[in-house]
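1. coordinates only, sequence not included:
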């Protein structure tokens, strides 16, 4: 699992992630993307470096087709790639609040 994390280490677009806090405690995280940039990406070089030549090439092909393919959304359209709500944020609508604070 550590190798997979290393693949994405350089491809995290930090400007696409938003954090919900309450009383200085993180209660949720949301990743947003649009047709110009994804929240998460990987390079073929990193896949091969951490997984070996053959496995790296196969994994990169899967990642590219599932996570990095371009969308035909208009520039004004964004979408949530993923959202996490930690135990402290459950039932507090933390992801909705993160979204509203960025509108």
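-> Now that the structure is in, tell me what you want to look at. This one's a predicted model, so the numbers in the text were calculated from it and none came from an experiment.
2. drop to CA atoms for contacts and neighbour counts, all remaining ones
-> Fine.
3. what bits of the protein have low per-residue confidence?
-> 1, 81-82, 86-103 (pLDDT under 70).
4. can you name the residues in contact with the longest helix seen in the chain?
-> Identified as the longest helix of the chain according to DSSP state H is helix 53-67. Helix 53-67 is contacted from outside by 40-44, 46-50, using CA atoms under 8 Å, 6 or more residues apart in numbering.
5. just how off-centre is it within its chain?
-> 17 Å (CA atoms, centre = their mean, to the nearest Å).
6. what do you get for stretch 34-51?
-> For stretch 34-51, the distance to the chain centre is 11 Å (CA atoms, centre = their mean).
7. picking that back up, nearest to residue 79, of the contacts of helix 53-67?
-> Nearest to residue 79, judged by CA to CA, of the contacts of helix 53-67 is residue 40 at 13.3 Å.
8. state the number of residues packed around the closest one.
-> 20 (other CA atoms under 10 Å).
9. how about residue 51?
-> Residue 51 has 18 nearby residues by other CA under 10 Å.
10. so it makes contact with residue 5?
-> No: between residue 51 and residue 5 there is no contact under CA atoms under 8 Å: 11.3 Å.
11. hang on, residue 33 in a strand?
-> Yes: under DSSP: H, G, I helix; E, B strand; the rest coil, residue 33 falls within a strand.
12. and it, how close does it get to residue 58?
-> Remark: distance between residue 33 and residue 58 (CA to CA, to the nearest Å) = 25 Å.
13. ok, now residue 11?
-> 18 Å.
14. and what of residue 46?
-> For residue 46, the distance to residue 58 equals 12 Å [CA to CA].
15. how about residue 49?
-> Distance from residue 49 to residue 58, counting by CA to CA: 13 Å.
16. what subset of the contacts of helix 53-67 is buried?
-> 40-44, 46-48, 50 (16 or more other CA atoms under 10 Å).
17. cool, thanks, signing off.
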